[in-house]
Each structure stands twice: as C-alpha cells, then as structure tokens.
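> Just a sequence and a predicted model for now, questions to come.
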Amino acid sequence: MARQDGRAARLGFGLFEREAALDAAEEALDLLTGLAQDEPPSAPAPVPAPRDSRVVPLLSARSAPDAPRPVEPPAAQGGVLVYAAPAGLGKTTLLAEIRRRAVSRGCTVLSARGGDQEQRVAFHVARQLLQPQLAHASDAELRERLGSWYDIVGPALGLRAATAGSPPDPQGLRDGLDWVLTHLAVRRAPLVVVLDDAHWADPESLGWLASFAPRADDLPMLLVVAYRPDELPEEGAEFTGRRSGQRPHGLAPLTADAVARLVRDRIGAHADDEFCRDFWTVTSGNPFETVELAAKVRDRGLDPTADGAHELRDLAAALKGSGLVNRIERLGTATMRLAWACAVLGTEISPSLAGALAGLGDEAVADCAERLREARVLADTGTADGPLEFVHPLVASTIYRAIPDAIRVAFHGQAAWCVIDAGHGPAAAARHLLETHPEGDAWVVTQLRAAARENLRAGAPDAARRQLARALREPPTADARAAVLFELSSASLLTEPATTVNQLRAALEEPISDEALRHGIVYRLSQVLAHSDRLVEASELLEHETRQTTDPRSRLRMQAERFMWDALRSDEPESPARSRRLAALADRLTGRDLTERYIIGLRAWDATLRAEPAAVALRHAERALEGGLSWADESRGFEVPVLVALTHLYADRPGRAEELFAAGTAEFEKQGWRGAHLSFAYTLLGYIRFRRGRLMEAEDFARAGLRLAERVGPRTPALWYATGVMIEVLLARGRTEEAERVARDHDFGEPFPAAVTIPDCETVHAELLLATGRAEDAAAALADIKRRLEPRGKRNPSCSPWQLHLALAEAATGSPARALATAENAVARARQYGAPSAIGQALRVTAEVTDGAERIKLLEESVDWLDQSPAAYELARSLVALGAALRRTERHAEAADHLYRGLETAQDCGADGLVDEARAELAAAGLRPRALHTADGHSLTARERAAARASVRGQDPAAALGIDATTAARLLSAVYRKLGTDRSGLAHAFGDAGEPRTEAEKPKAAEPAE
C-alpha cells in the first residue's frame, strides 16, 4: 500500500491544524506495520510471542530451500498513543481518521467509546472492544479458542452467563482479558485498539487497559486513547504519563486562519475576512462549535459577510446550554421526550427502547428522530432503523442535565422496567436503578441483588458493591436485610475487610429465620476476622455460635473452624487442652464429609506442631485426603488443604506435598483466583523447592509469589509469606545483602502478624539478623518467640526452627552452655518427631555450638541422617561443615571426600555461598577443586533405580547390587532427594507398579508466570 503524499492527502476530512497529532499517529502506524520512512512496505515482521505461556506463538513460513534469503523487514513495534484535550477540540474526529488510516494499512481495528451514562456498567468498554471479535463463534468454538479462560472471561465479556460457584478475583479476570487481547494481537496483527472518551470508561475496563498498556510495546499492537484531562479518573493514571514519562499529545483550539479555511470550506469561498474573524471570536476556535455553527449559517442562508456577522452570536448560543434546549423544545413535546429518552439511555440507543421510554410508537419515533437529525442533535448514521446516536457527547450531556430532576429520576426508573422487558437483564437495568430515589420497592431490591450476583460472578465486585449498597437504601424487607448484608460482604471481602466485618456483624443483629444463612454469615465473619489478623475475635465468635446452634453438623463445622483459627494463633492460651480435645474428636471421626476431613486434617497439623511421631501425623493427613479436600471452596478457605500438604513436607515427603500444591494451584487458576490465592500457592511451592534444596527453582517461584503479593497490597498475609520465603531462599543462596534489601523494601519487621505463618516471619527475621551480624537483636527476638511458643507445645524444629536459631544466637552472644542445652533439646524433639532432615539439621546446629572431637561425631551423624532425607541443601551444609572440621584436625583425606561431595551437592542446589565456602576449605587443605559434573536433578540413574527397587522389596541394596554399604547409602540418598521422600515414603513414591513415579508422571506445578 503506497504512502499518502502531500499535506492535503494526509489530513482527514474536517481536520484542521492537526498535523502534529496526525504525524504522531503516522509514525506509530509506521512502526506498527514495519514500514521504513519513505520506503515501500514489506511483508509483516515476525510477530513476537506473547508473555503468557499458554499462548502458542504463530510459526512464520519458511523460505524454499533454494530461494535466496530475503531481506529482513523492519520489526513491527507496538506502543501507546494518547491524546488529551478538553471537550469539543476534535478528539473524536482525530480518532476516526486514525481508524481510517489503520484500516487502509491492513490493520485490524478494535474500537470503543466511554459513555457518560455507562460509566457504572462493568466491562462496557471491554465488551465493545472484544465482543465483535468473538460473539459470532459458537459456544464450542469459544471454549476451544479461549481454553482455560472461557469460564473466567466469558461472563465479563457477555459471551456466556455466569455460573454458580466462587467468582474470579479481579486480578484473575484482568489476566484473562490480557490473554484475550494478547491472543488477538498475535493472531490478527497488526492490531490497533482505539478508546475514545476514556474519561467516561467504566473503572473495570479502564483499569484493565491501563495495566495492560505497558505490554503494548512488546506486541504488534497500537493502543490509541483520547480523554478530557480534567475528568480522567485515577484508574486511567497510566495514560497521563506520570509514571511512564510519555506525556500525552495535546490539541489546541483552532487559530483564526484555520477557522477561516473551515468556514470557507463549509459555507463558501465568498465568506469575507471580517465574518471569519467574528466567527473565530464567537467559537473561540473550538472545532465542534465551529463546524456546528457553520452548518447553522448554511441552513439559515445567512450572508457570510460583515453585514451578517452580528447574527453569529445568537446562532452560537443556540448550539449549547439553554439555547440548545430551547431549540429542541420548539420541535415539539414528543421530540423533546425522545431526546430525553436518548440522553438517559446513553450510547448504542435502540429506537424501540427509546420509544418505549418516551411513550412513542414506532412511526412517532421515526418522525421525531428525523427532526432531531435535521436539527443536528442526532447524527445521521445512514440507516433509518439503526441505533440512534448524538452528534457529539456535549449535546447528550447538555440535554441530560436539562431534564428536570423529578422527570430524570422517573425516566431512569421507567428505563429500568423497559430494559428488563426488552430482555437485557438486571445488570443492564441496574445503572438506571442507581439513579432512582429509595421507595421501599421490593422489585428494585430484587433486580439490584440479581445484578450484583451477575457482576460479582463476572469479576466486578466494585459494581456489585454499589448495587447492593443501593439495595440497602431502598430498603429491603426486614427478613431480607440480613441476606443483602451478607451478599454485600462478598463484594467487599477482598478490598475492604474492616467494612466487611461491620456488614457481617450488622447482619447477625438482624432477625434471621434461615439457619443456613446465619451459619454462612458466621463462617464468613470468622474468615474475615482471621484474615485480618484478629484470630482471637474469630475464635470467640465461633465459640459463642457453637453454643447457640442446635444442629449437630453445624456445631461440628463451627468446632472445626475454631480449631483451625486457634491452631494458627501464636498466643493461644489453652493450646495443650485444645490439642487433647482435637485428638479425641478426630480419632472417632470417619471422614464421611468435608467437615470431618477438615478436623482430621487439623489433627495432622497439630501432631506436626507438637512433634508427635511423623508417622502419626502422616496417617491422619492421608485419612483427611481420602475423601478429597477442595482448595477453591470459597465458603471454607484453603487453610486446611495447605496444612495437610505442609504436614507431608515437614515429615520429609516434599514430593507428595508438591503433588498436592500442584493440584491446588490448578484449582486456583481454573477458578480465576490469581491474586492472594495464587501468590500463596507460588510462594509455598517455592518453599517446598527450598526444603528440597532446589534453590534456583525456589527463587523463581518465590519471586512469582512476591510479584503477585505486591499487587495484593502492603503488609497483607500474602506479602508476609512471600517476603519470608524470598529471604530464606536468598540467605541459602548466599545473597545476604539482597535478602536485607527485600526485607527493607517490603517493610518486613515488627509488628508481625499474630497468626503463625509458614515460614514463621519472626523466626525468618531473626535468622536475617543473625546472618547480618546482629546476634544480640536476634537472641532477644528468639527468646521472645520461645516465651510465647514453648508453653503452647509448638516445638517441632522441622516446622518451627526457632530453637536452632536461638542456639546459634546464644553461642554468638557468649552463652555457650545455654546454647548447647538449647540445641540438644532441639535434637531430642527432632528425634521424637523422627523426620531424618529435622534430626540431621538439629545435629549440625548442635555441632556448631560444640567444640572438640564431639563436634565431628555430631556432624558425621548429621550426614548419616541427611543422607536418608530429601533435604539436599541441608545435606550439603553438613558435608561442608564435616569436611571443614576434619581439615582442622589434619584428617585431609577424609576431609577431601566430604568437601568434594559437599561442593557438588551445593552446586546442584544453587547454593552459591556454600560453594564458595567449600572451595575455600579445599584451598585451605591444599586441594584443587575438581571439575564439577552437574547431576540430573529429576531422573534416577540405572544404579539408583536398582538400589531403590531393592530397598522397596526389603532387600539389602548393597548385597543386591554387589557394592559396599557406603556406595549403597549414597545411591539411596540421591533417590530420596530426587523423588522428594525419605525411606518410609519410598514405596509410595515408586507407585503400585514398583517403578518410580517420574516428574512427568506427577501432577505439575505451573511454572511461575512472567
């Protein structure tokens, strides 16, 4: 396609003095379509793959084998183009010209416009953009095209009805819309997305596009946005350039010369200079007013000379404000009512709907619409039965504001009825009901509640909250008020927890005849209180309601909920007594329903906290899993499934824990929960990889969890978890300064949450203090943790390693005897629990606070235990520590064996700091680090497989393979690390067929998103 030559050809019809604005558009389109300046276009450049891994990039065609290699065309480059100008300065005309030029270049164009009356309609702009590209497809085609996003984005885009169940969170929905737009940009490149009147876009759509805008640079897509600068809401701040530094293009009023050219173009070349100067004075160079006034002059037949100039001011007054209204009134009552109806309905106005609202038949609507077109109130769309449109938003706004208040409110109320009768549904009617006065109308409450349910399930909780708040003001009947408050709490749950608590407490004070509703309110309130770090209030609420209810199953569930929140309290006053009650209850339950399985799962976690034998904890955990535990049941939360998975992790079954987390993550993603829920999942997957010693993978997952948590908000539980795990991983990798920076950037310090976190935030903070040389501060913090947790029996060093860090802190602050006693106590508790990794780690710490020959014995035993565990990083630490201790006693040959093995294990883990330490020890021993071979971290070798198979069959691996006991032990050690289990879980890891379940056969944890 040839470039347009000449200034006249470059300017669209009716565009004057917009050269700079159009030049910016031309340059952006050049970059988008891969056109070099002043050169003919080439084939489109290869389309860059979108960031979302679920989008498969298109493959470019290959050249024939013998064909000469073509010259590479310039790469397509997307971006954002923004225009900001007051009303009437030509933004809409400019964007129309940009659309025309984009189409002429072969671009796919998506277009939308914000509306003054549609600002409260969730996803109104998103639907304008995306619906035309997808609406023609059948349901089966949509499912295939959208894949896993179908259930998430379908309701928001109006492509399918929302289904029952938990709604997606707003971030999950944004991610889905990102995927759809990215997919279109790749498949239909080059893509131009145009949004006019962005200041009137609904918050959901505007916030989505603003967050997506930075990605346009990486896609074959140009995003063009226009808005009025004084009216842009905060959701559109990205388009102001405050963050990016790219200021929007402004549009200035027309100069006197431009107005003169426009007047002579529209009225005639005989218009004299004085007339044109007066024309510019009257219109102030506003393009809209100039064009409209020129049309009025032409229609009136006014002589465009100095003699006729005195009439311009009166004609201009009729274009806006009261002059416009008076002009419409002179067209007749019916015409005025139709103009009012159109102003109330907004954009995309159906003639039949406007007629129903105005009380006019089809013929009267057609006659009145024609009169409004002749008066340049409605635009001439070229079709008599097509949608009605105003010539400009200024006209629509003027008419709307001129409607008498009482009549405007009545029109909105009637519009809601008309919209419902036309089959558009409660969500479409709700924006009109929001403008009406409360009258105690049950029908209004019903429609608003239905609209809120639809919006909530579509991922628009803010819209649902507005509708339910209005329903409360109607007000609802006394027996419905509690239900409306409960529904309102669902809409404010994610963003306003304090408000949600007040709403739910108010609901409980209402007379409630429906026991199921009351119990639902209690469960929701306890969840919100707990998630707001108000665990004591959650427990007290459940205790009170347990005494009130007469239904035994409901009472059991309330007990389960209370057990759960009490288990997470670090200040629980009756912890041992609660454990005894929980054990007695769980032992007699069979797991016949979800409530019973939750109690059994809590029993497994309690056994873990109190360092009961790991086998006991695992037995209860598997009982809880037998009937299934859902991670995405909104009424239950995901705490118990997480605790059951962590029970396996701390009992040296990280492979099994990862299987459970992978299944839970898949549930979250399917549900569209991509905020706090997915952050927790990624963070804890990173924690599992950390415990397995896969530190590079752990860092990837922890960073993904931290990015998601940052979107959730500061000092939230998700951010506490993510920051704590990130610090642990960085310390393990030897990057102490970076760990400090992460802690500082995320305000990781006191006051810490009252809930016990995984890992415990206070313990991680103390570990960081130790690593940075602040031993006295660490000792004080750990002593306080001991004071709170010791009486409550939370002393398992596998899951709560405060004793280990306390021993190191006591040794560093000149209390060696106390340090040794603390460490030995931790060893005893680890032996009681029985997980090899916990015993091995506790023995290493004890060795660190011990001198002499006893230190080597402790380290040798530590290595023996860790060889039986899946904890590769802890094994590497003990190997290097043992090698260093042997070197210091001049036992260089033995030291070399342990140091070389520790070095290779640390290298495989990605523990860079430990690698440096091992190299330094080898150098001190006069040894040269040999060439490292990286082990395959996932697949078993033939000898490892044979050793494992012999062990599962009860045979001695050394005898079965004809090798010595040390070699057999090291083969099994590699098996435990690769399969993520200890000796007791090896049979499960091998499966029923007696063969190891490879990584490919296990449920996969989704890789962290970009």
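Great, that's in hand.
> helix or strand for Leu324, which one?
Take DSSP states H and E as the rule and Leu324 turns out to sit in helix 321-329.
> relative orientation of the very next helix or strand once past that helix and helix 321-329 in degrees?
Next helix or strand after helix 321-329 toward the C-terminus (DSSP H and E): helix 333-345. Interaxial angle of helix 333-345 relative to helix 321-329 (axes from the mean of the first three to the mean of the last three Cα atoms, to 10 degrees): 130 degrees.
> Helix or strand next in line after helix 333-345, which one?
Heading C-terminal from helix 333-345 (DSSP H and E), you reach helix 351-358.
> Now do the buried residues in that following helix.
351, 353-358 (16 or more other Cβ atoms under 10 Å). Bear in mind the C-beta positions are built from the backbone N, C-alpha and C, glycine included.
> Okay, now the unreliable bits of the stretch 451-600 of the chain?
Applying pLDDT under 70 to the stretch 451-600 of the chain flags the ranges 494-495.
> Could you pull out the buried residues of stretch 959-966?
Neighbour counts using 16+ other Cβ under 10 Å place 961, 963 of stretch 959-966 among the buried residues.
> Now the terminal residues of that stretch, how far apart.
End-to-end distance for stretch 959-966: 12 Å, by Cα to Cα, to the nearest Å.
> Now do the same contact list for the spatially most central residue of the chain.
Residue closest to the mean C-alpha point of the chain, counted by Cα atoms, centre = their mean, is Gln171 at 3.3 Å. Listed by Cβ atoms under 8 Å, 6 or more residues apart in numbering, the contact set of Gln171 reads 674-675, 708, 711-712.
> now do Ala427
121-122, 450-451, 454-455.
> How about the secondary structure of it?
Secondary structure, DSSP: H, G, I helix; E, B strand; the rest coil: Ala427 is helix.
> Leu110 too?
Reduced to three states by three-state DSSP, Leu110 is strand.
> Give the bridge partners for it, please.
Val193 (DSSP bridges).
> and it, how far is that from Leu191?
According to Cβ to Cβ, to the nearest Å, Leu110 and Leu191 sit 7 Å apart.
> any common contacting residues for those two?
Counting by Cβ under 8 Å, 6+ apart, the contacts common to Leu110 and Leu191 are Leu184.
> Can you list the residue ranges for helices in the stretch 601-750 of the chain?
614-626, 639-650, 654-671, 676-692, 695-712, 717-732, 736-745 (DSSP state H, counting those that start in this stretch).
> Need the contact partners of the last one.
Going back to what we said before, that points to helix 736-745. Defining contact as Cβ under 8 Å, 6+ apart, one finds that helix 736-745 is touched by 706, 723, 726-727, 730-731, 748-749, 765, 768, 771-772, 913.
> about what we covered before: now for the helix holding Leu324, which elements pack on it?
Helix 321-329 makes packing contacts with helix 333-345, helix 393-402 when contacts are defined by 3 or more Cβ pairs under 8 Å, 6 or more residues apart in numbering; DSSP states H and E.
> how near is the closest residue to Arg327 other than its chain neighbours to Val377?
Distances taken as Cβ to Cβ, 6 or more residues apart in numbering put Ala318 closest to Arg327, at 5.0 Å, once the chain neighbours are dropped. According to Cβ to Cβ, Ala318 stands 11 Å off from Val377.
> Ok, Ala924 next?
Distance of Ala924 to Val377, computed by Cβ to Cβ: 90 Å.
> So which of those two has more stuff around it?
When Ala924 and Val377 are compared on other Cβ atoms under 10 Å, the one with more neighbours turns out to be Val377, at 25 against 13.
> CA atoms only for stretch 946-955 - export them in CSV, please.
Taking only C-alpha atoms (Å, rounded to 0.1, in the frame of the first residue of the first chain), the coordinates of stretch 946-955 have been written out as CSV:
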residue,chain,number,x,y,z
ALA,A,946,18.1,-50.6,41.2
ALA,A,947,19.1,-49.6,44.7
ALA,A,948,15.7,-48.1,45.3
ARG,A,949,13.8,-51.1,44.0
ALA,A,950,15.8,-53.4,46.2
SER,A,951,15.0,-51.2,49.2
VAL,A,952,11.3,-51.2,48.4
ARG,A,953,11.4,-55.1,48.2
GLY,A,954,13.0,-55.3,51.6
GLN,A,955,16.4,-56.4,50.3
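> Show me which residues of it are buried.
Here stretch 946-955 shows 946-952 as buried, counting by 16+ other Cβ under 10 Å.
> before we move on, what about stretch 430-437?
Buried residues in stretch 430-437, counted by 16+ other Cβ under 10 Å: 430-436.
> Quick one: end-to-end distance for that stretch.
End-to-end span of stretch 430-437 (Cα to Cα): 13 Å.
> go on, stretch 740-750?
15 Å.
> To which secondary structure element is Ala156 assigned?
Going by DSSP H and E, Ala156 is not in any helix or strand.
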